[in-house]
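Asker: no sequence for this one, just the structure:
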């Protein structure tokens, strides 16, 4: 299914199926994000819809509504179906419990491969923010073309700063694939670097951020999984064989809890890179994983960091000699006086006050509250 | 009614009548303190009772329950009577609207003088914190003795730091009054000084803080008022003549709104000082006007300022790499991460986040909220 012209193409891609893992709570965004209301169900951009819905809308021009699946926890099934009313029920995959990304994406790959052995799948996080739709589509279309050639293809983000918060992808030789003019082989994967190393990568320009987007033929992905994690692969194949039968619940209940918890980066992408089978297409779009409140502030403020940014429709926020981010889920009056880089998150049952510099520490608060038996607010 | 021995005396003082002006909202303690729940009705010390009740309890050994009056707004009458169940109804003076301290104390003085021409009155704010009861009583007993001699007597607080937040009293020559061994004439009153001046005063030791406590014979106080503010005096005398008659409401409604708004410091104390008729007894007790959240933090922390102090019985406060003060009137979980000298005040309908250094600015927030029409939380 090669297209003659890629740029400006608007049709959906018939052999392509998007997989949206919607699992993470986003603990560093507590108390906004929590078990009952995970990050992907929130509107963090002021768009009026949740991040999950934005992800769906972004993929729709590439897939149509029939070819997007969501892998999510049983508890979030109803919310996902409410958020995505057009999703076919067979495309919602329920995890019994969270077992990390290799199991989640592998489950979808195994089931979709049984339904269509030639399918190309692409995984896209449910809770990232992407701006510049055309550039996103252009990257995905290229990645699908690369995947058809038997590569596992990732979309690497052009760094906008020397971040120490992301892993990096070192691009290697250019690939000669007609419909993927920007594609390269991946030379290596790099874990989150220290600041000096990040600065070198940033200056180098051949390093891209790993945004966790992987596009591959389902058979290629499963083959890589079989080579690297045979136990996990066997379990997923067994579940997939039973998935569209009456035996699903029995097999899932027996096998799922035994699956190894491992990120797809380690189970698939890094080993593939070592074998020269990982490719990358640069994503020339704005991408943000909104990993913590510093990141959220950056997103909401849109660069106006000398002001107080407000997320939520609370008209009762008063900032005096202050700047930062107020997230309000209540209609309480909130006055902030004389604080810089402050983060105030006000929900019905929990309040967080911190600074952007301490945004990463919020996760430890969640741990401490769990130890105190305060799980009702987590 | 001179007592032979003052120290260790435990009887009430028969000719003495305490007046508690309970009027100020305490805007710098918003949103804890507000029109419907002014500062004097709050327990700010963790004692289990309000500041007004503490003031009553402190005066009781000097007066008994029959000789304490409260001057307060009409709206606060029920709360005052609930807080002070033993107060005789005739001792609660309702202001039609707030007209500052000369009118409030002058009203009590005029009515009490009609009821007993020989009475000595003493005014004590409803919302200050005093520790060391015996030292307090010792000072008041001396001040009453001084007042009987025809002076207006204030109790000056020995400064614990070179504060720029209070006015100062310069003590002059020693007075030779048997039952007031520590009494001096006041040389002059000084407005709130700058820091350099405050440091000189602090080093000097003859300067005391003006805590707004005045003790005087009612006839002397009224005479001073007549000399300095004849219009105000005439109005108060007219109201007092009608007070214990059926004409009270009519006269009060007609005259009260016309009374000049002026602090008793300017209407009585300063002019008296210029004439050599103002005396001072040093108060050797801990005194705090709890004027803002920095002051409240100081009070609640009891010197442990490297910790997070908590006012309220909320068990869900979690401080991580933070110190300051959390005031909680809810049972919400409150997490504070990475903030020093922070003030968080969490009430059902309003939240304040500030720092101790900005404590004085809180008053301007109240003004801004008023301008925005948010009076329901003020």
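Answerer: Structure received. Keep in mind it's a predicted model, so treat the numbers as computed, not measured. Numbering: from 1, shown residues only, chains lettered A, B, ... in the order given.

Asker: which residues of the stretch 51-200 of chain A fall in strands?
Answerer: Remark: strands assigned in the stretch 51-200 of chain A by DSSP state E, counting those that start in this stretch are A:68-73, A:92-95, A:120-123, A:129-131, A:152-157, A:168-174, A:184-190.

Asker: Dump those to a markdown table, plus mean pLDDT and mean neighbour count.
Answerer: Every residue, glycine included, has its C-beta placed from N, CA and C. Converted to a markdown table, the strands of the stretch 51-200 of chain A look like this (pLDDT from 0 to 100; neighbours: other C-beta atoms under 10 Å in any protein chain shown):
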| stretch | mean pLDDT | mean neighbour count |
| --- | --- | --- |
| strand A:68-73 | 97 | 24 |
| strand A:92-95 | 95 | 19 |
| strand A:120-123 | 98 | 25 |
| strand A:129-131 | 95 | 18 |
| strand A:152-157 | 98 | 28 |
| strand A:168-174 | 96 | 19 |
| strand A:184-190 | 94 | 19 |
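
Asker: What residues does chain A have near chain B?
Answerer: When proximity is defined by C-beta under 8 Å from any C-beta of the partner chain, chain A lies next to chain B at A:31, A:316, A:318, A:320-321, A:332-339, A:342, A:344, A:346, A:348-355, A:357-358, A:361-362, A:364-365, A:368-369, A:372, A:374, A:377.

Asker: Now, of the residues you listed, which are buried?
Answerer: Neighbour-count burial (16 or more other C-beta atoms under 10 Å in any protein chain shown) is assigned, among the residues of chain A next to chain B, to A:31, A:316, A:318, A:320, A:332-339, A:342, A:344, A:346, A:349-355, A:358, A:361-362, A:365, A:369, A:374, A:377.

Asker: any chance of the strands of the stretch 51-200 of chain A in CSV, with distance to residue A:113 too?
Answerer: Formatted as CSV, these follow (distance: least, C-beta to C-beta, whole Å):
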stretch, distance to residue A:113
strand A:68-73, 12
strand A:92-95, 13
strand A:120-123, 8
strand A:129-131, 27
strand A:152-157, 14
strand A:168-174, 26
strand A:184-190, 23
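
Asker: I'd like to know which of those lies nearest to residue B:19.
Answerer: The minimum distance between residue B:19 and those falls on strand A:129-131, with 63.4 Å, by C-beta to C-beta.

Asker: Show me what the closest one is packed against.
Answerer: helix A:51-63, strand A:286-288 (3 or more C-beta pairs under 8 Å, 6 or more residues apart in numbering or on different chains; DSSP states H and E).

Asker: Just name the most buried of these.
Answerer: helix A:51-63 (a mean of 21; mean count of other C-beta atoms under 10 Å in any protein chain shown).

Asker: what angle do it and strand A:68-73 make?
Answerer: 150 degrees (axes from the mean of the first three to the mean of the last three C-alpha atoms, to 10 degrees).

Asker: that older thread, show only the entries of the residues of chain A next to chain B found in strands.
Answerer: A:318, A:320, A:333-337, A:342, A:344, A:346, A:350-355 (DSSP state E).

Asker: Let me see the confidence value for whatever residue of the stretch 151-300 of chain A ends up closest to chain B.
Answerer: Using C-beta to the nearest C-beta, residue A:293 is the residue of the stretch 151-300 of chain A that sits closest to chain B, at 9.9 Å. At residue A:293, the model reports a pLDDT of 97.

Asker: just checking, it touches residue A:345?
Answerer: Yes: contact criterion C-beta atoms under 8 Å: residue A:293 and residue A:345 qualify, at 7.1 Å.

Asker: what do the two both touch?
Answerer: Common neighbours of residue A:293 and residue A:345, using C-beta atoms under 8 Å, 6 or more residues apart in numbering or on different chains, are residue A:327.

Asker: Who has more neighbours out of these two?
Answerer: Per other C-beta atoms under 10 Å in any protein chain shown, whichever of residue A:293 and residue A:345 has more neighbours is residue A:293, with 29 against 25.

Asker: Quick check: nearest residue in space to residue A:146, chain neighbours excluded?
Answerer: Once flanking residues are discounted, residue A:146 sits nearest to residue A:153: 4.1 Å by C-beta to C-beta, 6 or more residues apart in numbering or on different chains.

Asker: Tell me what that neighbour is bridged to.
Answerer: residue A:215, residue A:279 (DSSP bridges).

Asker: quick one, what contacts it?
Answerer: Taking C-beta under 8 Å, 6+ apart, we find residue A:153 in contact with A:143, A:144, A:146, A:147, A:183, A:214, A:215, A:216, A:278, A:279, A:280, A:281.

Asker: cool, residue A:63 as well?
Answerer: Contacts here follow C-beta under 8 Å, 6+ apart; on that basis residue A:63 touches A:12, A:13, A:16, A:17, A:18.

Asker: which of the residues you listed count as buried?
Answerer: Neighbour counting by 16+ other C-beta under 10 Å classes A:13, A:16, A:17, A:18 among these as buried.

Asker: For the first one, give its distance to chain B.
Answerer: If I follow you right, that is residue A:13. Distance check for residue A:13 against chain B: by C-beta to the nearest C-beta, to the nearest Å, it reads 45 Å.
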